[in-house]
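**Student:** Predicted coordinates and the sequence they were generated for:
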Amino acid sequence: MTSPRLQEQYNKALKSKLFSDLKLENVMQVPKLTKIVVNIGQGEAIQNIKTLEAAMVELGAITGQKPVMTRAKKSIATFKLRQGAPIGCAVTLRRQKMYEFLDRFINVNKLFSLKLTMIKLIS
């Protein structure tokens, strides 16, 4: 299996550049990504659980991995929140999936900003 494009760029060019620019003594001191956590907090899930289920489906489609439901750690009376009530969902991405997601995320942002500048030029 081939490694993602962003990971190859990091290993070939960026890692050595960081090592020299930061004047590090050991290769293991070079900063690296270990995980990306994507989460959604649904405050409406207290009254309507279907909003949380929809958010879980969307998060799964975005990341390509099944999200885990997060639950409230404490009860907060003013928010009508009880301990253990489902309030959100999260996905932890590591290794190859992490680099693929980050690459897609960066490219989508570039594409979106390009469209915005084109719209501003036309207006």
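**Tutor:** Arrived safely, thanks for sending.

**Student:** so who does Gly60 touch?
**Tutor:** Taking Cβ atoms under 8 Å, 6 or more residues apart in numbering, we find Gly60 in contact with Lys66, Pro67, Val91. All C-beta atoms are positioned from the backbone trio N, CA, C, and that covers glycine.

**Student:** Do you know the pLDDT at it?
**Tutor:** Gly60 is assigned a pLDDT of 85 by the prediction.

**Student:** can you confirm it is in a strand?
**Tutor:** No - the assignment for Gly60, made by DSSP: H, G, I helix; E, B strand; the rest coil, is helix rather than a strand.

**Student:** Strands along the protein, start to end?
**Tutor:** 35-41, 68-71, 86-94 (DSSP state E).

**Student:** Now list the buried members of the contacts of Gly60.
**Tutor:** Neighbour-count burial (16 or more other Cβ atoms under 10 Å) is assigned, among the contacts of Gly60, to Pro67, Val91.

**Student:** closest to Asn48 among the contacts of Gly60?
**Tutor:** Checking these against Asn48 by Cβ to Cβ gives Pro67 as the nearest, at 17.8 Å.

**Student:** burial count for the spatially closest residue to the closest one that is not a sequence neighbour?
**Tutor:** Nearest residue to Pro67 in three dimensions, chain neighbours excluded: Cys89, at 4.1 Å (Cβ to Cβ, 6 or more residues apart in numbering). Burial of Cys89 is recorded as 24 neighbouring residues (other Cβ atoms under 10 Å).

**Student:** give the contact list for Cys89.
**Tutor:** Contacts for Cys89 (Cβ under 8 Å, 6+ apart) come out as Asn39, Ile40, Gln42, Leu52, Ala55, Met56, Leu59, Pro67, Val68, Met69, Thr70.

**Student:** For the third one, which non-adjacent residue is closest in space?
**Tutor:** Nearest residue to Gln42 in three dimensions, chain neighbours excluded: Leu52, at 4.8 Å (Cβ to Cβ, 6+ apart).
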